[in-house]
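[1] Got a predicted structure here, sequence first:
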Amino acid sequence: MELISYQDEGQFVSGHVACGGCAEALAMRVILNTVGSDAIGVVSPSCSAVICGGYPMSAVKIPMFHTTLESAAASASGVKRALVAQNKPDTTVLCFAGDGGTYDIGLQALSSAAERNEDILYICFDNEGYMNTGGQKSSSTPLDAITGSTPSGKTTRKKNLIEILAAHRIPYIATASPSHINDMRAKIEKAKAIRGTKVIIVLIPCLPGWGVADNAAVRTARKAVEAGVFPLLEIEDGVNYRLNVSEKGDSIESYLKEQKRYRHLDAEHIARLQAESDFQWRRLQQRVADSPERRS
Amino acid sequence: MNVQQSPLWTTQTSGARLTGTWRSALPDYRFTPSPCLAACPVNGRIAEWIGKIGKEDIRGAWETLIDNNPFPAIAGRICHHPCQSACNRQYHDETVSICALERYVGDAALAEGWRFDKPAKERGERIAIIGGGPAGLSAAYQLRRRGFQVTLFDAKPKLGGLLRYGIPDYRLDKNIVDGEIERIVDLGVEVRLKAEIADAAALKKLRDAYDAVYLATGASSSKKLPGLDYGAPWVVDSADFLAAANAGNPVATGERLVVIGGGSAAMDVARTARRLGKRVTVLSLEPEDKLPAQRVEVDEAIEEDVVFVCGAMMRAVRPAAGGLALDCVRVEFTPGKKRGEFAITPLENATFTLEADAIIPSIGQNADIERWRGLLGVAGPVIGTDGVWRTSVAGIFAGGDVASMDRFVTQAVGMGKEAAVEIARFVMGETAGSGFDVGPTLSFLEINTHYYPKAARNSPATVAVGERLKGFGEVQERLATAAALAEARRCFSCGNCIFCDNCFFYCPDMAITKLEGGYEVKSDYCKGCGLCVEECPTGSVRMREDTQG
């Protein structure tokens, strides 16, 4: 079996207040330790802001700048420009935001920063809803998922942020999953070495928000990858697509069964979700096939 | 909570917040026996040594193996491998080729000339072992390793018992037997060959002269088929037939042989006879799918053109033109509750005749218990023992075929090991043990199969049939190194930590500390989520309730 390898340098500290079994804390651990100590964080209101910790305690060793919900990318742009002005261009500016702060409220700031190709590493912890405020739907919530504000299931599809970002032709876009730690580490390392706007969307199965068992966040994320619901991919320059897990194994059903937010679905709805997922998968494969040669 | 405020705007870390108080369950690292360990007649730590093969530490694998079994090269060839029948991997794809891996290691040890370490400390207690077969040799080895003085008596001119005289070369090359026995003798076992302990009086004398005696004389007399005239020149004793053939000096028989029986010994006789150029028919009471022999033996016998007439019995033999005619009848076979028990009903309309020149009844072996009559209590056809191999006489222990109807070689090796443990306790004046049950084993459901991609089993190659029948060369080949490593890496390592660090890396709370040879849970921070348990590939961590009271 493939062993997990990265050095835990103690960049993320015990005693944080993430729920027991939270995959977001797990992902933050990988990301913070891979990025290292020469970094400044910017975080918008979200679970990650809470996990990083409010005054006077911090669970992260790098300085974290807590900004407003709509302005994570704009604040990060400013921090980066200030560092450059201080002749510290190599310091990584790391941005943590949730899907609410990325797909919805922070989209304008992110789009603008991406258009300017600001040199920031933007991480979106995508738990497909406003889970920190009690579990309302966001534009990232998938079709048919129950949230506090979609009590009989969301009637519209999840926003395809990846294609929005690709349209900006930024140097690097990737997805990552807490079930694939080596892949996540490799993507952070790669992104850190690239100048310009890098966005990594990390799938975070939310234990209370999705109705997932305390020990099952990693398993659920893994099933999302294996069923092709959340493909692990990289896009360079907005045009060169690559699938990191290029085969789709399981049907969607095993993934749905891990979660209470899909418990109301009958066979017909499940078939519809399967068809939607298959459609997206084929589309993605077409993108991969149509990619011009990647930069070597 | 006593939080010290920092005078600066910068913060202190969250380490002061002890999130362990949220918890109601705590992970617990523990070894759980794998199903293969429990099924193994010597309770070998199979997952552990296979793990070492996977890391290309063949010497280390051998050292783990020989803790419980001094005969890996022998067992790797002929063990009936109940470990493989128990293997959890069968519920995922296919069972691990444990036996072939054992042979891989055993052969490496012989090729490299690895020796057993001499005992760290010599002890004065003297133990006599009667019988140099698998049980006696196993006991001798285990007792010598513990520093006891061992004298091994055997009636035959060479050690090995059934290994040497009962198993044909095409299954077990005698150089292998010599190599693995010589290593045991070399530990400092005093060997007395052609030294038969003739009767109860001689046994009593031996008991008086030694601190303990282990009786492992095996089961060397063939069971007799009722109604068959054993004085007739066309009846050949199966044990004699095998011993003579193994010595390279086969018994003269006619061309057409009927072997009666369906066990391993019958297969050995039939296949040996094929190699001597005979035409062979096996006649068994059991239907083909219930033959007591290992399936692979039956399959290989069929490949070698042994004719099977299963589910039938012989009722009479009469001379016929140019040989014998065997009057046979089909039977309905009903297995009994215990191994070896059965009932048969002849089907009167289904009679037939077989032609032959000689008959080799091969229906099993009896232990010679009459020899000890008056001294040792018996239990049915064997010497009576309790759960820890004590006979009715204090200080005399028994095991192997003489004391058990479990008649596979490795079962005898296991009995020898268990007896050695008890003999050591006895001579040192300790209380006897309570048995050898290893307790509950790890279930397949506790394995995280995600970490084990499906992979076809690597099985050893077999020599082509035409080549096999030209002589007595071994049929099964050794696994090639690449195949052995790949096969070792298929092992789930059930309940046996492989130090993959998944528990460490998947903890969102950094509550696992890596230690030399293990892990520790920081109870101050562990929130009890169970991710470490879920993502453990091997089932080596479990949650236990933690009331923190």
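    Done, it's in.
[2] Determine the longest helix present in the chain.
    By default, I'm working from chain A. Ordering each helix of chain A by length in residues (DSSP state H) puts helix A:267-290 first.
[3] was after chain B, sorry
    Scanning chain B for the longest helix, with DSSP H as the assignment, gives helix B:409-427.
[4] Point out the other helices and strands that that helix packs with.
    Secondary-structure packing of helix B:409-427 (3 or more Cβ pairs under 8 Å, 6 or more residues apart in numbering or on different chains; DSSP states H and E): helix B:72-78, helix B:134-145, helix B:162-165, strand B:212-215, strand B:396-398. To be clear about C-beta, it is placed using only N, CA and C from the backbone, and glycine gets the same treatment.
[5] Outside of stretch B:391-400 itself, list whatever touches it.
    Residues from elsewhere that reach stretch B:391-400 (Cβ atoms under 8 Å, 6 or more residues apart in numbering or on different chains): B:131, B:133-136, B:139, B:203, B:207, B:211-218, B:375-377, B:383-385, B:389-390, B:403, B:412, B:415-416, B:418-419, B:422-423, B:426.
[6] quick one: A:Gly20 from chain B, how far?
    Distance from A:Gly20 to chain B, counting by Cβ to the nearest Cβ, to the nearest Å: 3 Å.
[7] what's the helix or strand for that residue?
    For A:Gly20, there is no host helix or strand (DSSP states H and E).
[8] Now do it: how many residues are near it, please.
    22 (other Cβ atoms under 10 Å in any protein chain shown).
[9] The one 10 residues further on now?
    Under the neighbour criterion other Cβ under 10 Å, A:Val30 is assigned a count of 24.
[10] again, but for A:Gly10
    Counted by other Cβ under 10 Å, the residues lying close to A:Gly10 total 13.
[11] and what of A:Pro208?
    Counted with other Cβ under 10 Å, A:Pro208 comes out at 13.
[12] list the contacts for residue 239?
    Just so you know, I chose chain A. Going by Cβ under 8 Å, 6+ apart, A:Val239 touches A:166, A:169, A:291-292.
[13] actually chain B
    Taking Cβ under 8 Å, 6+ apart, we find B:Ala239 in contact with B:165-166, B:220-222, B:265, B:365.
[14] Now for the residue at minimal distance from the centre of chain B: which residues touch it?
    The residue lying closest to the centre of chain B (Cα atoms, centre = their mean) is B:Thr410, at 3.2 Å. Contacts for B:Thr410 (Cβ under 8 Å, 6+ apart) come out as B:40-42, B:69, B:75, B:79-80, B:134.
[15] just to revisit the earlier point, possible to save the helices and strands packed on helix B:409-427 as TSV with mean pLDDT?
    Formatted as TSV, those follow (pLDDT from 0 to 100):
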stretch	mean pLDDT
helix B:72-78	98
helix B:134-145	98
helix B:162-165	94
strand B:212-215	98
strand B:396-398	98
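[16] In CSV: these, plus distance to B:Glu545 and mean neighbour count.
    Converted to CSV, the helices and strands packed on helix B:409-427 look like this (distance: least, Cβ to Cβ, whole Å; neighbours: other Cβ atoms under 10 Å in any protein chain shown):
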stretch, distance to B:Glu545, mean neighbour count
helix B:72-78, 42, 26
helix B:134-145, 40, 29
helix B:162-165, 51, 22
strand B:212-215, 46, 27
strand B:396-398, 43, 29
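[17] What residue, apart from its backbone neighbours, is nearest the residue in the stretch 301-450 of chain B that chain A sits nearest to spatially?
    Closest residue of the stretch 301-450 of chain B to chain A, Cβ to the nearest Cβ: B:His450 (6.4 Å). Spatial nearest neighbour of B:His450, chain neighbours left out: A:Arg222 (6.4 Å); criterion: Cβ to Cβ, 6 or more residues apart in numbering or on different chains.
[18] Can you give me the buried ones in stretch A:175-188?
    For stretch A:175-188, burial by neighbour count (16 or more other Cβ atoms under 10 Å in any protein chain shown) applies to A:175-181, A:183-188.
[19] Might you quantify the distance of that stretch from its chain's geometric centre?
    In terms of Cα atoms, centre = their mean, to the nearest Å, the centre of stretch A:175-188 is set 10 Å apart from its chain centre.
[20] Then stretch B:135-153?
    That offset, for stretch B:135-153, works out to 19 Å (Cα atoms, centre = their mean).
[21] Over to stretch B:174-191?
    With Cα atoms, centre = their mean, you get 19 Å for stretch B:174-191.
[22] One more: stretch B:417-430?
    Centre-to-centre, stretch B:417-430 and its host chain are 21 Å apart (Cα atoms, centre = their mean).
[23] which residues are in contact with that stretch?
    Counting by Cβ under 8 Å, 6+ apart, B:42, B:68-69, B:125, B:127, B:135, B:138-139, B:141-143, B:146, B:148, B:211-212, B:214, B:216, B:388-390, B:395, B:397-399, B:431-433, B:436 sit against stretch B:417-430.
[24] quick one: the strands in the stretch 351-500 of chain B?
    Ranges of strands in the stretch 351-500 of chain B, per DSSP state E, counting those that start in this stretch, are B:358-361, B:365-366, B:378-379, B:382-383, B:396-398.
[25] Need the winner for burial among those strands.
    Mean neighbour count (mean count of other Cβ atoms under 10 Å in any protein chain shown) peaks for strand B:396-398 among the strands of the stretch 351-500 of chain B, with a mean of 29.
[26] quick one: A:Glu247 and A:Phe230, what's the gap?
    14 Å (Cβ to Cβ, to the nearest Å).
[27] Those two: which has the busier surroundings?
    Counted by other Cβ under 10 Å, A:Glu247 and A:Phe230 do not tie: A:Phe230 has more neighbours, with 26 against 7.
[28] On the three-state scheme, that one is what?
    coil (DSSP: H, G, I helix; E, B strand; the rest coil).
[29] how close does the nearest residue to it once chain neighbours are set aside get to chain B?
    Leaving aside its chain neighbours, A:Phe230 sits nearest to A:Ala224 (4.0 Å; criterion: Cβ to Cβ, 6+ apart). Distance, A:Ala224 to chain B, by Cβ to the nearest Cβ: 13 Å.
[30] how deep is residue 104 tucked in, by neighbour count?
    Since you didn't name a chain, this refers to chain A. Neighbours of A:Asp104 (other Cβ under 10 Å): 18.
[31] switch to chain B, that's the one I care about
    Counted by other Cβ under 10 Å, the residues lying close to B:Tyr104 total 26.
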